[in-house]
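Undergrad: I would like to see how this sequence folds:
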Amino acid sequence: TSRNQKLLPYHEELKKAGACFGVSSGYERPMWFAKKNQEPKFIYSYNYQNWYPSVEFETKNTTENVGLYDLTAFSKYDLVGEKSHNELQKICTANIKNEPGKTTYTQMLNEDGGIETDLTVVCLSKNYFRIISSAATKERDKFHILKYLSKEVDLKDVTDEIACLGLFGPKSRKLMQRICNDDLTNEKFKFGSGKNITIKNKKVWIQRLSYVGELGFELYIKMNESKEIYDLIVENGDEFNLSHCGMLSLDTMRMESGFLHWGHDISPEENQYEAGLEFAISYKKNINFIGKEALLKIKNKKPSKRFVSLFLNNTKPGEPLLLHDEPIYCENKIVGRTTSFNFGKSIAFGYVNSSSNLENFKNKKIFIEIEKTKYPATFFNGALKDKSIKFGWSRTNFRYFLIFFVFYISSNFNFCDVIGYLKKQMSQENISNQNRNFLPKRNVVGRSKVDINVLLNKIRLEEKKESIEKSVLIGIIFLIILGVGLILSA
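TA: Residues are numbered from 1 along each chain as shown. Next up, the predicted model:
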């Protein structure tokens, strides 16, 4: 294919940073960044890949600090017109938010209910929407949209007019606050929101979305102004341990977050019920959207297949090299196929036949066949990463919280109190035994001094007991939170 036909304004800077480029939608975009003394070049192999160490560093730095991703090649279409919202409601399955600054994740279907497009729709202003979809399917998605779109609205492909930079990671907000004065706190700028901000007197549209599963921002910048913004980010990034990251890191991290990829995990051959995307269907909106009739027929039927996630047990990166379409076995029977693979944690996505209920797999041997060898695998539910990005949390933030909680426990949980309470209790029991026969009888008027002292000691012991019980309860809560934190931070 033709190369170097579409170069980003900061292409040379990416090249100097060690980018190994691939091509998508005509754009040269970074796939990974070479480490020191490494040539940024793919060395093709059937097993271990030479880019693994780079992607391992990029993903780790994104989860611990902040990563800079170029997302310009993603398809972008602007839809304008008084009926633009109604048209989106007709071609999308979700209920599209008609409020400036709100985003909606959705799919577009064919009339048989198959998934034609996986996309995000953002309302930029009244009667003005932007559709963002895959880079590799720009012309295909445009054809599908225009096939059903009314002539009363205007669709414009703005992919080549707008650059997009992604900043993802726990330090992304601090870096953004260094280069702009707008309020990007979680309270003022929630997940799934978008707005215009100013960076170096330039208007930039920013969205709080993240395909990598970490706190992050997408910056949409006029192409001719993008280099200046890129330079500013890199210039201020050293303080926050900024690293350049490529598409292979993005793909690795999206799998750890449980996000699907159109063309691998979903396609016209799958419907939303099979893919576990039924949350993106709205039957409540008062419109007969494309594919709705097919979905209503499918809804109450048992799906012919279902999406699954698996681990390859006890394997090393590239040993074996799993890509997609490898057979999934239950014992000696093929029950499905893989669709995607993450080398870092040996995660595979795939589909299994609906006759193979996941409950039936318990206590049975599961395998993925690669190069005619069956490798043991295990099904797992959900995503490896939590979805705390919506609240501005990350695993690093959670670790900071644990450290704070340990100090809190240390100041409230006094082991000396526990030991003192036990000694006091034993001592009091001995005193009671010794003095039981010598305590004077109570009179009608009141109690003796000895009796009052015993009573006061008893009250003090009860108070101490309550304090100890509180400390023990705090300790138990701490252990539970620590356990959950260790799992999330693994």
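Undergrad: all helices in the stretch 101-250 of the chain, in order from the N-terminus.
TA: Counting by DSSP state H, counting those that start in this stretch, the stretch 101-250 of the chain has helices at residues 138-148, 172-179, 226-237, 247-256.
Undergrad: and the second one, what other elements does it pack with?
TA: To tie it back to what came earlier, the one meant is helix 172-179. Packing partners of helix 172-179 (3 or more CB pairs under 8 Å, 6 or more residues apart in numbering; DSSP states H and E): strand 216-222, helix 226-237. Yep, even glycine has a C-beta here, placed from its N, CA and C like the rest.
Undergrad: next, the buried residues of that helix.
TA: Across helix 172-179, burial judged by 16 or more other CB atoms under 10 Å covers 172-173, 175-176, 179.
Undergrad: mean confidence for stretch 370-387?
TA: Taken as a whole, stretch 370-387 has a mean pLDDT of 84.
Undergrad: that stretch: how far from the chain's middle?
TA: 18 Å (CA atoms, centre = their mean, to the nearest Å).
Undergrad: dump the helices and strands packed on helix 172-179 into a markdown table; add mean neighbour count as well.
TA: Formatted as a markdown table, the helices and strands packed on helix 172-179 follow (neighbours: other CB atoms under 10 Å):
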| stretch | mean neighbour count |
| --- | --- |
| strand 216-222 | 22 |
| helix 226-237 | 18 |
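Undergrad: and the ones you listed: which comes nearest Gly114?
TA: With CB to CB as the criterion, Gly114 lies closest to strand 216-222 of these, at 28.0 Å.
Undergrad: now that closest one: average pLDDT?
TA: Here the average pLDDT along strand 216-222 is 97.
Undergrad: got the contact list for that strand?
TA: Applying CB atoms under 8 Å, 6 or more residues apart in numbering, the external contacts of strand 216-222 come out as 71, 76, 161-169, 172-173, 176, 184, 202, 204-210, 229, 389.
Undergrad: out of those residues, which end up buried?
TA: Counted by 16+ other CB under 10 Å, those give 71, 76, 162-169, 172-173, 176, 184, 204-210, 229, 389 as buried.
Undergrad: out of the residues you listed, list just those in strands.
TA: 76, 162-168, 204-207 (DSSP state E).
Undergrad: of the residues you listed, which is the nearest to Gly350?
TA: Using CB to CB, those come closest to Gly350 at Phe168, 26.3 Å.
Undergrad: tell me what that closest one is bridged to.
TA: Beta bridges link Phe168 to Gly67, Gly216, judged by DSSP bridges.
Undergrad: separation between it and Ala34?
TA: Distance, Phe168 to Ala34, by CB to CB, to the nearest Å: 21 Å.
Undergrad: now do Ser354
TA: From Ser354 over to Ala34 (counting by CB to CB), the distance is 45 Å.
Undergrad: neighbour count for the two, which is higher?
TA: Ala34 (17 against 14; other CB atoms under 10 Å).
Undergrad: how about the contacts made by that one?
TA: 18-20, 40, 54.
Undergrad: just those: which are in strands?
TA: 19-20.
Undergrad: now the contacts of Ala34 in TSV, with distance to Lys147, pLDDT and neighbour count?
TA: Shown next, in TSV, are the contacts of Ala34 (distance: CB to CB, whole Å; pLDDT from 0 to 100; neighbours: other CB atoms under 10 Å):
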residue	distance to Lys147	pLDDT	neighbour count
Gly18	42	97	18
Ala19	36	98	21
Cys20	37	98	20
Pro40	40	96	19
Ser54	41	96	25
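Undergrad: let me see the ranges of the helices in the stretch 301-450 of the chain.
TA: Under DSSP H, counting those that start in this stretch, the stretch 301-450 of the chain gives helices at 395-412, 415-435, 449-488.
Undergrad: for Lys385, what are its contacts?
TA: By CB under 8 Å, 6+ apart, the neighbours of Lys385 are 213-214, 256-258, 395.
Undergrad: Phe240 versus that one, what's the distance?
TA: For Lys385 relative to Phe240 (CB to CB), the value is 21 Å.
Undergrad: ok, Met223 next?
TA: 26 Å.
Undergrad: so between these two, which is more surrounded?
TA: Using other CB under 10 Å as the criterion, Met223 and Phe240 rank with Phe240 on top: 19 against 16.
Undergrad: which of the three states applies to Lys60?
TA: Under the three-state scheme (DSSP: H, G, I helix; E, B strand; the rest coil), Lys60 adopts helix.
Undergrad: how many residues are close by it?
TA: 14.
Undergrad: and if you look at Tyr375?
TA: The burial count for Tyr375: 21, using other CB under 10 Å.
Undergrad: so what pairs up with it in the strands?
TA: Ile368.
Undergrad: Provide a list of residues in contact with it.
TA: Taking CB under 8 Å, 6+ apart as the definition, contacts of Tyr375 comprise 312-313, 315, 320, 367-369.
Undergrad: just so I know, which of the helices and strands packed on helix 172-179 lies nearest His11?
TA: helix 226-237 (9.4 Å).
Undergrad: which stretches of the chain have low pLDDT?
TA: 1, 355-358, 386-471, 482-490 (pLDDT under 70).
Undergrad: how far away is the residue nearest to Thr373 when sequence neighbours are not counted from Leu209?
TA: Spatially, and ignoring its direct neighbours in sequence, Thr373 is nearest to Pro320 (7.0 Å; CB to CB, 6 or more residues apart in numbering). Note on Pro320: its distance to Leu209, by CB to CB, is 34 Å.
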